[in-house]
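# Okay, predicted coordinates and the sequence, questions at the end:
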Protein chains: 6
Amino acid sequence: MAAGTSEMLRALPKGDALVAAQLAGIMAAKRTSELIPLCHPLPLTHVNVHLNVADGAVEIETSAETTAQTGVEMEALVAATVAALTVYDMAKAVDKGMVIGGVELVEKTKDTV
Amino acid sequence: MAAGTSEMLRALPKGDALVAAQLAGIMAAKRTSELIPLCHPLPLTHVNVHLNVADGAVEIETSAETTAQTGVEMEALVAATVAALTVYDMAKAVDKGMVIGGVELVEKTKDTV
Amino acid sequence: MAAGTSEMLRALPKGDALVAAQLAGIMAAKRTSELIPLCHPLPLTHVNVHLNVADGAVEIETSAETTAQTGVEMEALVAATVAALTVYDMAKAVDKGMVIGGVELVEKTKDTV
Amino acid sequence: MAAGTSEMLRALPKGDALVAAQLAGIMAAKRTSELIPLCHPLPLTHVNVHLNVADGAVEIETSAETTAQTGVEMEALVAATVAALTVYDMAKAVDKGMVIGGVELVEKTKDTV
Amino acid sequence: MAAGTSEMLRALPKGDALVAAQLAGIMAAKRTSELIPLCHPLPLTHVNVHLNVADGAVEIETSAETTAQTGVEMEALVAATVAALTVYDMAKAVDKGMVIGGVELVEKTKDTV
Amino acid sequence: MAAGTSEMLRALPKGDALVAAQLAGIMAAKRTSELIPLCHPLPLTHVNVHLNVADGAVEIETSAETTAQTGVEMEALVAATVAALTVYDMAKAVDKGMVIGGVELVEKTKDTV
């Protein structure tokens, strides 16, 4: 996004983009199995969405945890993309040229209790 | 994605990723206002999701139309990202290194009837 | 269903199956576009779900109206099937052999105002 | 349905009815507790939707599994009916006389681990 | 509500407000984690919604149970408020002055098995 | 709520209760027809949720607008109650004695264009 946009994300005409994006990401993670056809519904025990504002960019880092045997990377990726789309929606009136990129899995771990 | 992955998208262990992604994208577009906090619910008259398989990549092009006065770029972007996440989910058992990138608005038009 | 089942639909262990089925059918009709992948979201102006108890059967008649140009037969059919499934769910503790059959479109009309 | 309809289910004007129906059935199973008022939300571990095209008919067989103590027949029945409704929606432009019938529970088992 | 309203809640122009409110409350409880941003999705094992008609009032008592470690008071409170809103919606054509009040947690217990 | 609670609503362990409540109220208003059985789905053109912190209380004022012929008081009331429940959920770790009260319709107007 433009550098000017990243400076005003907390005070856009539509409101605070960072708080809205964080909540939207968390809420979307809970609905992952409704959005992705072959995703199992999982008992999420934790979802975290963190937004870092850089110069002309927002870096979004998300994590998800479950007690189920299956991986929860899709929940974290859904949280990240919906958070990014929410930033886009909040800021699109002031910046027409934003791009969402680099959505990827950073780490996946399994506790061996 | 790996070149080998893009060659087997129609015959993955989980099924045909392209068809699943297309339907998931269309269905997600209809739920945009549930996912993005400040998006208005819009009467969508058309949603199109097209996936092009390239060498080591899938290019996803989406469009959305409404009779409402408001823009529908969020619906098209939601369709694109959920389609991409569905490809990711279908192929993640065979490819751990996929990245979703370059989600952006290509064009927005308004009919002046 | 068994004749004995149809006689006790208003007083099952789980409650009144007819009222639950009517409300479930109406509520499901409103979510048709979420369930059927290529259904447009339509502005429903009226949904009616009527259940007639016969001897060993429940006849369900539904109707739906919209101001949109598109047909609303899917909304009426979704209302009918979810109402039937709700009767099934409410009565399944007392009758294991119920069958849902004959779901069909009876009439489709268009007002030419 | 008409014999001619069953021959063209993979190449209808709206697309491939069998793939759409399979995915719609799976996705609907995950939302059973939202549709049927007194159904408990269950942790589904497996949903299967299989469509067999016969001459002038589609036979739909579904199954569902859970780790919960409660039965999951409603999830399988919801998958079957929404899959059938999706076939209906995809094919209704070419066939006005389709009927959905014979929705019933074939088998219910409980593992005694 | 007016005393006259509480006398006709079972036979309003829109139908039986008490049955509709009971079912709406139960269904809403199952969607608590979709409505309240930071609520975990919980495996509900029991939801109860009871409506008592008094003179010029309806008293709504709800309860919810889960096997999860987390409390389920939000599910019970969502059930109570949506049940109250449904009574309001069913009766608003005959009574413009209804007020919903006194939504509170009565008791929260934890089994120490 | 306790006076001490109302002073810390912007900095609770779970986060900023006022922002979360505002967004939750807006998002819930868009889902009114899913929650209240006989509510029509309406094209909302505007939803406003405003929270005023007083001494030991939060006053929530909401409004909703539609272009449809039907009233939108239910959407405003759903927004208000879900916003209140969200404040409750965010603050319940620090205050066990909160009560939600006085949910009522203040004004309903119709433009005569």
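Perfect, thanks for sending it. Numbers count the residues shown, from 1 in each chain, chains lettered A, B, ... in the order given.
# switch to C-alpha atoms for all contacts and neighbour counts from now on
Will do.
# most centrally placed residue in chain A?
When C-alpha atoms, centre = their mean is applied to chain A, the residue found nearest the centroid is A:A80 (2.3 Å).
# any weak-confidence spans in chain A?
Across chain A, the ranges flagged by pLDDT under 70 are A:112-113.
# Could you name the helices and strands sitting against the helix of greatest length in it?
The longest helix of chain A (DSSP state H) is helix A:73-91. Other elements packing on helix A:73-91 under the criterion 3 or more C-alpha pairs under 8 Å, 6 or more residues apart in numbering or on different chains; DSSP states H and E are helix A:17-29, helix A:32-35, strand A:44-54, strand A:57-66, strand A:103-104, helix B:73-91.
# Now tabulate the ones you listed in JSON lines and tack on distance to D:A76.
Supplementary listing: the helices and strands packed on helix A:73-91 in JSON lines, determined by distance: least, C-alpha to C-alpha, whole Å:
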{"stretch": "helix A:17-29", "distance to D:A76": "25"}
{"stretch": "helix A:32-35", "distance to D:A76": "17"}
{"stretch": "strand A:44-54", "distance to D:A76": "24"}
{"stretch": "strand A:57-66", "distance to D:A76": "25"}
{"stretch": "strand A:103-104", "distance to D:A76": "34"}
{"stretch": "helix B:73-91", "distance to D:A76": "22"}
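# out of those, nearest to F:G25?
Of all the helices and strands packed on helix A:73-91, helix A:17-29 sits nearest to F:G25, with 12.6 Å by C-alpha to C-alpha.
# export that closest one as PDB, just CAs?
Extracted in PDB, the C-alpha atoms of helix A:17-29 (Å, rounded to 0.1, in the frame of the first residue of the first chain):
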ATOM      1  CA  ALA A  17      -8.500  -0.900  10.200                       C
ATOM      2  CA  LEU A  18      -6.100  -2.800  12.500                       C
ATOM      3  CA  VAL A  19      -8.700  -3.700  15.200                       C
ATOM      4  CA  ALA A  20     -11.300  -4.600  12.600                       C
ATOM      5  CA  ALA A  21      -8.900  -6.800  10.800                       C
ATOM      6  CA  GLN A  22      -7.800  -8.600  13.900                       C
ATOM      7  CA  LEU A  23     -11.400  -9.400  15.000                       C
ATOM      8  CA  ALA A  24     -12.400 -10.300  11.400                       C
ATOM      9  CA  GLY A  25      -9.500 -12.700  11.200                       C
ATOM     10  CA  ILE A  26     -10.300 -14.400  14.400                       C
ATOM     11  CA  MET A  27     -14.000 -14.700  13.500                       C
ATOM     12  CA  ALA A  28     -13.200 -16.100  10.100                       C
ATOM     13  CA  ALA A  29     -10.800 -18.700  11.500                       C
END
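# got the contact list for it?
Here helix A:17-29 makes contact (C-alpha atoms under 8 Å, 6 or more residues apart in numbering or on different chains) with A:9-11, A:47-51, A:75-76, A:78-87, A:90-91, B:35-37, E:34, E:37-38, F:19-20, F:23.
# Mind checking which of those residues are buried?
A:9, A:47-51, A:75-76, A:78-87, A:90-91, B:35-37, E:34, E:37-38, F:19-20, F:23 (16 or more other C-alpha atoms under 10 Å in any protein chain shown).
# can you tell me how far the closest residue to chain C within chain A sits from A:T81?
Nearest residue of chain A to chain C: A:E34, at 9.7 Å (C-alpha to the nearest C-alpha). Separation of A:E34 from A:T81 (C-alpha to C-alpha, to the nearest Å): 15 Å.
# on that earlier part again, which residues touch the residue nearest to the centre of chain A?
A:25, A:49, A:60-62, A:103.
# let's go with 6 Å and repeat that
A:T62 (C-alpha atoms under 6 Å, 6 or more residues apart in numbering or on different chains).
# do the one 4 residues further on as well
Applying C-alpha under 6 Å, 6+ apart to A:A84 gives no contacts.
# what about the residue in chain A that chain B sits nearest to, how many residues close to it?
Distance from chain B to each residue of chain A (C-alpha to the nearest C-alpha) is smallest for A:G101, at 3.8 Å. Using other C-alpha atoms under 10 Å in any protein chain shown, A:G101 is surrounded by 15 other residues.
# check contacts around the residue in chain A positioned nearest to chain D.
Per C-alpha to the nearest C-alpha, the residue of chain A with the smallest distance to chain D is A:P37, at 5.9 Å. Counting by C-alpha under 6 Å, 6+ apart, A:P37 makes contact with D:M27.
# Tell me which helix or strand it sits in.
A:P37 is located outside every helix and strand, with elements delineated by DSSP states H and E.
# any idea how far it lies from C:L77?
From A:P37 to C:L77 the distance is 23 Å (C-alpha to C-alpha).
# got it, and A:N52?
A:N52 is 48 Å from C:L77, by C-alpha to C-alpha.
# Settle it for me: which of the two has more neighbours?
Neighbour count, other C-alpha under 10 Å: between A:N52 and C:L77, C:L77 has more, with 26 against 11.
# ok, that one - contacts?
Per C-alpha under 6 Å, 6+ apart, neighbours of C:L77: none.
# Go again with 8 Å.
For C:L77, the contact set (C-alpha under 8 Å, 6+ apart) comprises C:62, C:103-105, D:85.
# okay but A:V78 is in contact with B:L85, surely?
Yes - here A:V78 reaches B:L85: they are 7.5 Å apart, a contact under C-alpha atoms under 8 Å.
# Would you confirm that A:V99 contacts B:G102?
Yes - counting by C-alpha under 8 Å, A:V99 does reach B:G102; the two are 6.0 Å apart.
# So what sits opposite A:V47 in the bridge?
Beta-bridge pairing for A:V47 (DSSP bridges): A:A64.
# For it, give me its contacts.
Here A:V47 is in contact with A:26, A:29, A:62-65, A:76 (C-alpha under 8 Å, 6+ apart).
# If you rank the residues you listed by neighbours, which is first?
A:A29 (30 neighbours).
# returning to what we had before: among A:V99 and B:G102, which residue is more densely surrounded?
Shown here are A:V99 and B:G102; by other C-alpha under 10 Å, A:V99 has more neighbours (16 against 13).
# Backbone torsions only: list them for A:D16.
Dihedral pair for A:D16: phi -90, psi 110, per degrees, to the nearest 10.
# Just the element for the closest residue to it other than its chain neighbours, please.
Excluding the flanking residues, the one nearest A:D16 by C-alpha to C-alpha, 6 or more residues apart in numbering or on different chains is A:R10, at 4.2 Å. Using DSSP H and E, A:R10 sits within no helix or strand.
# got the contact list for A:R10?
A:16-18.
# any chance of those residues in CSV, with neighbour count too?
Below are the contacts of A:R10 laid out as CSV (neighbours: other C-alpha atoms under 10 Å in any protein chain shown):
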residue, neighbour count
A:D16, 17
A:A17, 23
A:L18, 23
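# got a list of contacts for whichever strand or helix holds A:G4?
Element membership of A:G4 [criterion: DSSP H and E] is helix A:3-7. By C-alpha under 8 Å, 6+ apart, the residues outside helix A:3-7 that reach it are A:53-58, A:91, A:94-95.
# out of the residues you listed, who has the most neighbours?
That'd be A:A91 among the contacts of helix A:3-7, by other C-alpha under 10 Å, with 24 neighbours.
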